[in-house]
Structures are given as structure tokens and as C-alpha cells.
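Engineer: sequence first, predicted coordinates after that:
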Amino acid sequence: MYDVLIIGAGIMGASISRELSKYKLKTIILEKENDVADGTSKANSAIIHAGYDAKEGTLMAKYNAKGNEMYSKIADELDIPFKRIGSFVLAFSEEEKKHLNMLYERGLKNGVPQMEILNFEEIKKIEPNISDSVVAGLYAKTAGIIGPWEATIGMIENAMDNGVELVLNSEVIAIEKKDNFYKVKDSKGNTYESKIIINCAGVYTDKVHNFVYPCEYKIIPRRGQYFVMDKNEGKKVNTVIFQCPNKLGKGVLVTPTVHGNLLLGPDSQDILDKEDKATTTEQLEFIKERATKSVKNISLREVIRTFAGLRAESDTEDFVIKNTNNFIDVAGIKSPGLSAAPAIAEDVSKMIVEILENPLKKEDFNPFRKKQIRFMELSNENKKEIIKKDSSYGRIICRCENITEGEIIDSIHRNIGATTVDGVKRRCRPGMGRCQGGFCGPRIQEILAKELNKPLESIVLDGENSYILTGETKK
């Protein structure tokens, strides 16, 4: 019998599991995919929002600014990439400038510090490539950028170091309410019993809720498409650049990433299919048009990848955090969900502690996880020392990102280590560069096969059935 069973290993399941790992509880996470951070948490804008956008009085407003503040400590403890670079919301007319004033006032009510409205000349000093059509901008210094999959992986690694269990490829297909617990069945035929269920299933939270109770909300998948630009474009902006938001979201942004690329997007489309992550020519052209309205001199020849992600849009227009007979929904976690996740997790943890009548805290809880060696960031002396201990760090596998064999091997043998090509990519970045794995991909497959002691053709791209090789062409 588990005390807590969490459904979903995205940023919310990760954050909550880490909070609960501070207590003497038996906690398990079930994830339907082949890896953690494999849904919305791997395909988003990677922004830690300041918190001025959410309407005052909403859960989004309650948790955004608080979660933003928590990330500095979390990033330090978990060794995840995070930078406070600030953000601008741009106004292109006097009418939009009025909207900036409204956002500023809302930000004050939401507890957002370090905001100011700047004129064009003041913005230009910070952002030399800003469009000449800009009239004014709301500058929020606390906004940041993060590695969203690294954050999710880091939190779950740390939770597991502190006793939480994780089961992958475990899609929940039935939940039955018993007298004092829930019985959960997964797609592999396994059953689990738990006193409390936490539903963090992203775009599927309404479906999971309906297994046991009639759902009072509906999740509409909202698709957003993006361009990833080469690192040549990474310094075109210094902050996160937004346009005035509309009813479908915060609009198309232009932002540097923590790894030095430039990100353009997203658009916003409500769709029916909870798995539709296709990109379309029409919407990508729309993103180009909107992005170049904000920032001059973006070279659209430097695109290295396009992708789409799905946001879990609730018809309540807010986060859904609700306890029904110890079945706790954490649903509708759209933007600013990544920003709010640590603060939500803290409150959900308090709910669990109250339900379970104050379980003891672990005296030996360790908030730190084992640091990753990022070889190219080291001094020459440190590089020599590491190669002397382990020669695999002296072999470059990914030339675009300068990732060594040692880093790839480490990513495979860590807690929740990589078992797929994309799993390695999310943990230490080979394949993220200009050639997108065209050269290093086969070597990564070979390293995975060797380290996992598996046949080469059994190594997949990401999901269980995303095979790459079927056999030899010549013998």
C-alpha cells in the first residue's frame, strides 16, 4: 500500500514528488511514456514568468510570482540551467501602452517586484535589435529562462534519491475507489493501491479524473509551434520579448535559451487530438511574421528545428487544484505552469501532510543531486584531471554541442538514466546542435547499446515503438 500515487512525470509530478520525498511516506509515480519530461514539459517556451499577466485572485496569480522566486534555490540545489534575464512586453501603439499600465498594476497586486515601464529609447539600450515600431515596454527584471526537461529530470532524480519510486510505460487505464484507498490498474496489467491519488496527467487529467468521478472540468489541448534558431542568432536579444497578450495567451515571443539558441513562438490553436504535435506551414509563417515585428535582423535562414507542444487548457480558465475524497487534481497547468510548479507543489504537499495527519519529516533528506560534468565549461586544468581519471571524457561525440562520451555514459547510468536517443539528448544535449544528430546519432545508439547491454536494433528514438534500426543491410 502506497501513501501517495502520482499520475504523470512532467514538471508538476516532478515538483510534487520532490516535496513529498521530504517526508517518511511511501510515494510512487506512474508515467505512461518511456521517459520523464516527455509531454508538455519537453515542448514549451522554457520561460519562468515574472507573474504580472495572471488575473488577480486566480490560482495562476497566487502561484506564479511565488514559484518564480523559488527557482533560484531549486536550480542551485539540483544543478539545472536557469538564468534571470528579465522580460519585456512590447506596445506598438498608444492603445497597447494602456495595456502595459494595466499589466503593471496587476503585477503589483500579484506581488511581482522590480517592474517598470520604459520608453523606446530606454528599451533600445537593453535590446539594440528591437523594432523601431515599439512605443513602450513593461520591463520585469525577475523573469527568467530555464531548461524545462533538465528541471523535471533533476527534480525526479532527487525525489528518487530520497526514496520515491518511478514506473515508466505505465499508462493508467482504470481507478477504483475502495473504502480507504484507491486501486489503480495500468496498461501492463499491474495494480497499485494507494491512500491518495495525485492526478498530474497533463492533457489527460480530465480523462483520468473520469475513471473514478464525473469530471467537472474539460481539458482542451492547445497546440503551440516553435522555431529553434542556431546559436549564431542567440545574442539577437538579451531578454524575453513578448507582445501584448490576447485571449489565446501571451502571443509569439522571441527569447534566448539557457543553452545559447534563439526561440521563436508559439502560435496558439485549440485542437481535439491530445496527441497532435504536428507543425504546419501556415502557422510557422505566422510565427515568423509576428516574431520579426518585435525584433529586427532575425536571420530566418538559421532555423535548425521546428517543433510543437501541447498545453493543457482548462475550460475553467485557471489552474484546477482540488481534493475529492483524497483524489487530488492538479490540472489545467498551462502557462505559467512551469513557473508556478514549485509553489503549487508546496501547497499540495501541505494538503497531503494534513490528510495523513502530519507524517514525520526525514532527518536525512538530501536536497542536492549529483552534479553533472559539463566538460566544455571546465578550465583546461580540470579537463586534464577528469580525462586522467576517465578517458571517455576526452572523446567528443557531438561536435555541434561539444559533448563527450563521458557525459553521455554518465547520463545513462544516473538515477532514471537515459535509455533512448532522445533521453540522452534531454540530459546532456548531443543532437541539439546544428546537424540535429545527423552525425552523432549513430554513435549515441552504439553507446546506449553497449552501456545497457542491449542489441543495437533495440535502441529507440524516444517512445517504446520508435525504432531506428531494423537490421543490417550487408553481412
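Structural biologist: Looks like it arrived, so ask away. Numbers count the residues shown, from 1 in each chain.

Engineer: surely residue 117 is within a strand?
Structural biologist: Yes. Checked against DSSP: H, G, I helix; E, B strand; the rest coil, residue 117 lies within a strand.

Engineer: domains in the protein, by residue range?
Structural biologist: Domains of the chain are assigned by automatic domain parsing as 84-143+219-312, 375-458.

Engineer: can you put the ones you listed in JSON lines and add distance to residue 42, mean pLDDT and mean neighbour count?
Structural biologist: Quick note: C-beta positions are derived from backbone N, CA and C, even for glycine. Formatted as JSON lines, those follow (distance: least, C-beta to C-beta, whole Å; pLDDT from 0 to 100; neighbours: other C-beta atoms under 10 Å):
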{"stretch": "domain 84-143+219-312", "distance to residue 42": "7", "mean pLDDT": "95", "mean neighbour count": "18"}
{"stretch": "domain 375-458", "distance to residue 42": "7", "mean pLDDT": "96", "mean neighbour count": "18"}
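
Engineer: and those as JSON lines, adding distance to residue 23?
Structural biologist: Conversion of the domains of the chain to JSON lines gives the following (distance: least, C-beta to C-beta, whole Å):
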{"stretch": "domain 84-143+219-312", "distance to residue 23": "27"}
{"stretch": "domain 375-458", "distance to residue 23": "19"}
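
Engineer: select, out of those, the one closest to residue 32.
Structural biologist: domain 84-143+219-312 (11.3 Å; C-beta to C-beta).

Engineer: how long is the closest one from one end to the other?
Structural biologist: Separation of the first and last residues of domain 84-143+219-312 by C-alpha to C-alpha, to the nearest Å is 26 Å.

Engineer: and stretch 396-413, by the same measure?
Structural biologist: Terminal residues of stretch 396-413 are spaced 19 Å apart (C-alpha to C-alpha).

Engineer: ditto for stretch 396-414
Structural biologist: Stretch 396-414: ends 20 Å apart by C-alpha to C-alpha.

Engineer: what's the answer for stretch 170-185, then?
Structural biologist: From its first residue to its last, stretch 170-185 covers 9 Å (C-alpha to C-alpha).

Engineer: buried residues in that stretch?
Structural biologist: 170, 171, 172, 175, 177, 181, 182, 184, 185 (16 or more other C-beta atoms under 10 Å).

Engineer: so the nearest residue to the last one once chain neighbours are set aside, which of the three states?
Structural biologist: Same thing as residue 185. Take residue 185 and drop its neighbours on the chain: the residue closest to it by C-beta to C-beta, 6 or more residues apart in numbering is residue 174, 4.2 Å away. Using three-state DSSP, the structure places residue 174 in strand.

Engineer: surely residue 174 is in contact with residue 182?
Structural biologist: No. If you go by C-beta atoms under 8 Å, residue 174 and residue 182 don't touch, sitting 10.4 Å apart.

Engineer: measure residue 302 to residue 103 for me?
Structural biologist: Going from residue 302 to residue 103 by C-beta to C-beta, to the nearest Å gives 31 Å.

Engineer: same check, this time on residue 282
Structural biologist: Distance from residue 282 to residue 103, by C-beta to C-beta: 30 Å.

Engineer: next, residue 84: phi, psi?
Structural biologist: The phi and psi values for residue 84, taken as degrees, to the nearest 10, are phi -90, psi 100.

Engineer: first-to-last residue distance for stretch 209-217?
Structural biologist: Terminal residues of stretch 209-217 lie 10 Å apart, using C-alpha to C-alpha.

Engineer: swap in stretch 272-281?
Structural biologist: Span of stretch 272-281 from end to end, C-alpha to C-alpha: 19 Å.

Engineer: who touches it?
Structural biologist: Identification of contacts with stretch 272-281 by C-beta atoms under 8 Å, 6 or more residues apart in numbering yields 43, 203, 204, 221, 223, 225, 306, 307, 308, 309, 310.

Engineer: of these, closest to residue 427?
Structural biologist: Minimum distance to residue 427 across those is 16.2 Å, recorded for residue 43 (C-beta to C-beta).

Engineer: for the closest one, which non-adjacent residue is spatially closest?
Structural biologist: Nearest one to residue 43, counting by C-beta to C-beta, 6+ apart, is residue 309 at 2.7 Å.

Engineer: so residue 80 makes contact with residue 157?
Structural biologist: No. Shown here, residue 80 and residue 157 do not form a contact pair, counting by C-beta under 8 Å, at 10.2 Å.

Engineer: please, where are all the helices along the stretch 351-475 of the chain?
Structural biologist: With DSSP state H, counting those that start in this stretch as the criterion, the stretch 351-475 of the chain has helices at 380-389, 405-413, 421-428, 441-452.

Engineer: which of the helices or strands spans residue 310?
Structural biologist: Per DSSP states H and E, residue 310 falls inside strand 303-314.

Engineer: circling back: what separates the residue nearest to residue 185 from residue 3, distance-wise?
Structural biologist: Distance from residue 174 to residue 3, by C-beta to C-beta: 21 Å.

Engineer: for residue 45, same thing?
Structural biologist: With C-beta to C-beta as the criterion, residue 45 and residue 3 are 35 Å apart.

Engineer: more neighbours, the two?
Structural biologist: Taking other C-beta atoms under 10 Å, residue 45 and residue 3 do not tie; residue 45 has more neighbours (25 against 19).

Engineer: which residues touch the nearest residue to that one once chain neighbours are set aside?
Structural biologist: Once flanking residues are discounted, residue 45 sits nearest to residue 253: 6.2 Å by C-beta to C-beta, 6+ apart. Shown in contact with residue 253 (C-beta under 8 Å, 6+ apart): 45, 47, 240, 241, 242, 243, 263, 264, 265, 266, 291.

Engineer: wait, the fourth one sits on residue 126?
Structural biologist: No. Because the distance of 10.4 Å does not satisfy C-beta under 8 Å, residue 241 is recorded as not touching residue 126.
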